[in-house]
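*Asks:* show me the folded form of this:
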Amino acid sequence: MKEYFKVTAALMLFTLGAIGFLTFVRNFDKQPSLVLTSTECASPCWYGITPGQSTSSQVYSALDRIEGVDKDRIFESDTVVGKPFRITWYFKQTVEDGMGSVRIQNDLVTAISITTVNSLKMADLFNKLFRVT
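*Replies:* Below is the predicted model of the structure:
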């Protein structure tokens, strides 16, 4: 019975150590959410991409300038003249944001969407969006 407790305690200690190590490694080179790091323009503009003003070529140019965007994972949905389409991209793995997309209609951005998973604190978002200057 004594051996059973020793083995169980060792397994629990190993598991806790592994979880602690993996948490440390995950946060070691973690970069902040790119939703908040844009200083080029005020919301709803993001890194120079402005709904109602930016064209698809300006979107590609902006994505090329953003350090956290994985340049090999930028995609465009099927383009049909006059119909809306999307430009979708993924972020590099060190960035906690998942992916982003812009909706394009008549060669103008109509919406920007960025998926975040545990990378964005609501307080930080509200401070960015509703900052009084």
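*Asks:* in the chain, what residue spans correspond to strands?
*Replies:* Per DSSP state E, the chain carries strands over the ranges 69-76, 85-91, 97-105, 108-116.
*Asks:* mind putting those into TSV with distance to residue 40?
*Replies:* C-beta coordinates here come from the backbone N, C-alpha and C atoms, glycine included. Supplementary listing: those in TSV, determined by distance: least, CB to CB, whole Å:
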stretch	distance to residue 40
strand 69-76	14
strand 85-91	17
strand 97-105	15
strand 108-116	13
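*Asks:* go through these and name the closest to residue 35.
*Replies:* Taking CB to CB, strand 108-116 is the member of the strands of the chain nearest to residue 35, at 5.5 Å.
*Asks:* and the contacts of that closest one?
*Replies:* Here strand 108-116 makes contact (CB atoms under 8 Å, 6 or more residues apart in numbering) with 33-35, 44, 46, 49-56, 59, 84, 96-104.
*Asks:* partner strands of it, with direction?
*Replies:* Counting by DSSP bridges, the strands paired with strand 108-116 are strand 97-105 (antiparallel).
*Asks:* can you go through the contacts of strand 108-116 and name the buried ones?
*Replies:* Among the contacts of strand 108-116, those classed as buried by 16 or more other CB atoms under 10 Å are 33-35, 46, 49-50, 54, 56, 59, 96-97, 99-104.
*Asks:* and the spatially most central residue of the chain, how far from residue 15?
*Replies:* Residue closest to the average C-alpha location in the chain (CA atoms, centre = their mean): residue 97, at 2.2 Å. Counting by CB to CB, to the nearest Å, the separation of residue 97 from residue 15 is 29 Å.
*Asks:* also residue 55?
*Replies:* 52 Å.
*Asks:* domain ranges for the chain?
*Replies:* Domain assignment of the chain by automatic domain parsing yields the ranges 1-30, 31-129.
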